[in-house]
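A.B. asks: would you be able to build a 3D model of this:
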Amino acid sequence: MLPSSVLLILGLFGLWLGSSVLVDSARDIARSLHISELIIGLTIISIGSTVPETATNIMAGLSNLHGVEASGIAVGNVLGSMMANITLILGICGLSAAMHIGKPLKRVSSKIGMDKVSLKREGLALIGAITAFFLVSFDGYISRIESLFLVLLYLAYLGYLLKTENIKKRFALQLRDKTFERHFLFDLFLILIGLVLIVHASNIVVTNGVFLASSWGIEETIIGLFIGLGTSLPELTIAFMGLLKNSAKLSIGNLMGATIADPLIPLGFGGIIAGFSVARTSLLFDIPVVFFSILLVLTFLRSSGNLNKKESVTLILVYFLFMYFRLTVV
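C.D. replies: Model prediction:
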């Protein structure tokens, strides 16, 4: 038998590998439909990259259903992923682009930023998602009905985005091409393989995360925060790949889209299976810090149009300060 710590690491690697396969295939499908890079990042890529969080939270919900409390893992996973996406990963990408690390990043279009219309739309969605998370958690428990509400809220947001790009019409036109149909079916097969790997790996992560939390006397939410960082590896990989391929819009779209999806889809699907308890610490510290971080990012992007070096470093420092206070003070 391998130690639980080793199994936890192997589980996180499985999450990363499976989501990488899934996201690559989803990106191929989206690009064949000639969808804008920002919309690809906000929809197909971000949904694919949040599959690890969703699978982990579904397994946490199943654990709760069978009497093994895993709410801390689920809530910590979501909050850890949101913080990693909106501060650490976004900051690293912004710093890399601002410092022109690597030849492909020397192009001006590699800057991490958004146009005013998209920033307003996604900014409101980010604020709405974290606000909805706080409201359903306010009494210390997210019920199944409240979890369903979170899922429906995301579907409404997704429907609005898809409508703006006329996806249904584009897909119908592409289906006339037999080559597209073959590639589409192959990509669907790869997505299925990725999902199977992700679900299995998430089971390993939740099982061993709960065991470590109980055996070491560590609060489950803390373990969940680190799992959230681990399951954010797909977002980090995609964001850097976007920069290297001069597709900064895809990078920021993925990070924004994943941060919007995290409190709605993973928490929603997991909570529908069995409700989640929310620790007081998460209500009074974690969620407010995530909310503050979102406002900080939106302020930076609105003031200069893209992240500069100082702003990027600030976001990275915010993440490490959050983790420091969460581990030593709170």
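A.B. asks: identify the residues contacting residue 187.
C.D. replies: With contact set as CB atoms under 8 Å, 6 or more residues apart in numbering, residue 187 has these partners: 25, 26, 28, 29. (Glycine included, C-beta is placed from N, CA and C.)
A.B. asks: scan the protein for its longest helix.
C.D. replies: helix 178-216 (DSSP state H).
A.B. asks: quick check, distance from that helix to the centre of its chain.
C.D. replies: 15 Å (CA atoms, centre = their mean, to the nearest Å).
A.B. asks: now whatever helix or strand comes next after that helix: buried residues?
C.D. replies: Of the helices and strands lying after helix 178-216 in sequence (DSSP states H and E), the nearest is helix 220-230. Of the residues in helix 220-230, 220, 221, 222, 223, 224, 225, 226, 227, 228, 229, 230 count as buried by neighbour count, 16 or more other CB atoms under 10 Å.
A.B. asks: average pLDDT for helix 220-230, rounded please.
C.D. replies: Computed over helix 220-230, the mean pLDDT rounds to 70.
A.B. asks: helices or strands up against that helix?
C.D. replies: helix 4-32, helix 71-83, helix 178-216, helix 309-328 (3 or more CB pairs under 8 Å, 6 or more residues apart in numbering; DSSP states H and E).
A.B. asks: tell me the most buried of the ones you listed?
C.D. replies: Across those, averaging neighbours per residue (mean count of other CB atoms under 10 Å) puts helix 71-83 on top, at a mean of 30.
A.B. asks: what angle sits between it and helix 178-216?
C.D. replies: Here helix 71-83 runs at an angle of 130 degrees relative to helix 178-216 (axes from the mean of the first three to the mean of the last three CA atoms, to 10 degrees).
A.B. asks: hang on, the earlier thing: for residue 287, find the nearest of the helices and strands packed on helix 220-230.
C.D. replies: Checking the helices and strands packed on helix 220-230 against residue 287 by CB to CB gives helix 71-83 as the closest, at 7.0 Å.
A.B. asks: mean confidence for the closest one?
C.D. replies: 90.
A.B. asks: from the middle of its chain, how far away would it be?
C.D. replies: The answer for helix 71-83 is 11 Å, by CA atoms, centre = their mean.
A.B. asks: on that earlier part again, mean confidence for the longest helix of the chain?
C.D. replies: The pLDDT scores in helix 178-216 average 75.
A.B. asks: residue 7 contacts residue 208, doesn't it?
C.D. replies: Yes - Residue 7 is within contact range of residue 208, at 4.7 Å (criterion: CB atoms under 8 Å).
A.B. asks: any idea how far the nearest residue to residue 8 once chain neighbours are set aside lies from residue 11?
C.D. replies: Counting by CB to CB, 6 or more residues apart in numbering, residue 208 is the residue found nearest to residue 8 once chain neighbours are left out, at 4.4 Å. As judged by CB to CB, to the nearest Å, residue 208 and residue 11 stand 7 Å apart.
A.B. asks: please apply the same query to residue 156.
C.D. replies: When residue 156 is compared with residue 11 (using CB to CB), they lie 33 Å apart.
A.B. asks: what does residue 133 give?
C.D. replies: Residue 133 is 25 Å from residue 11, by CB to CB.
A.B. asks: likewise for residue 207?
C.D. replies: 8 Å.
A.B. asks: cool, residue 134 as well?
C.D. replies: Noted for residue 134: a distance of 29 Å to residue 11, by CB to CB.
A.B. asks: and the helices and strands packed on helix 220-230: which comes nearest residue 54?
C.D. replies: helix 178-216 (8.4 Å).
A.B. asks: tilt between that closest one and helix 220-230?
C.D. replies: Going by the same axes, to 10 degrees, helix 178-216 makes 150 degrees with helix 220-230.
A.B. asks: report the inter-axis angle for helix 178-216 versus helix 4-32.
C.D. replies: Helix 178-216 and helix 4-32 are oriented at 160 degrees to each other (the same axes, to 10 degrees).
A.B. asks: now do the SS call for residue 269.
C.D. replies: Three-state call for residue 269 (DSSP: H, G, I helix; E, B strand; the rest coil): helix.
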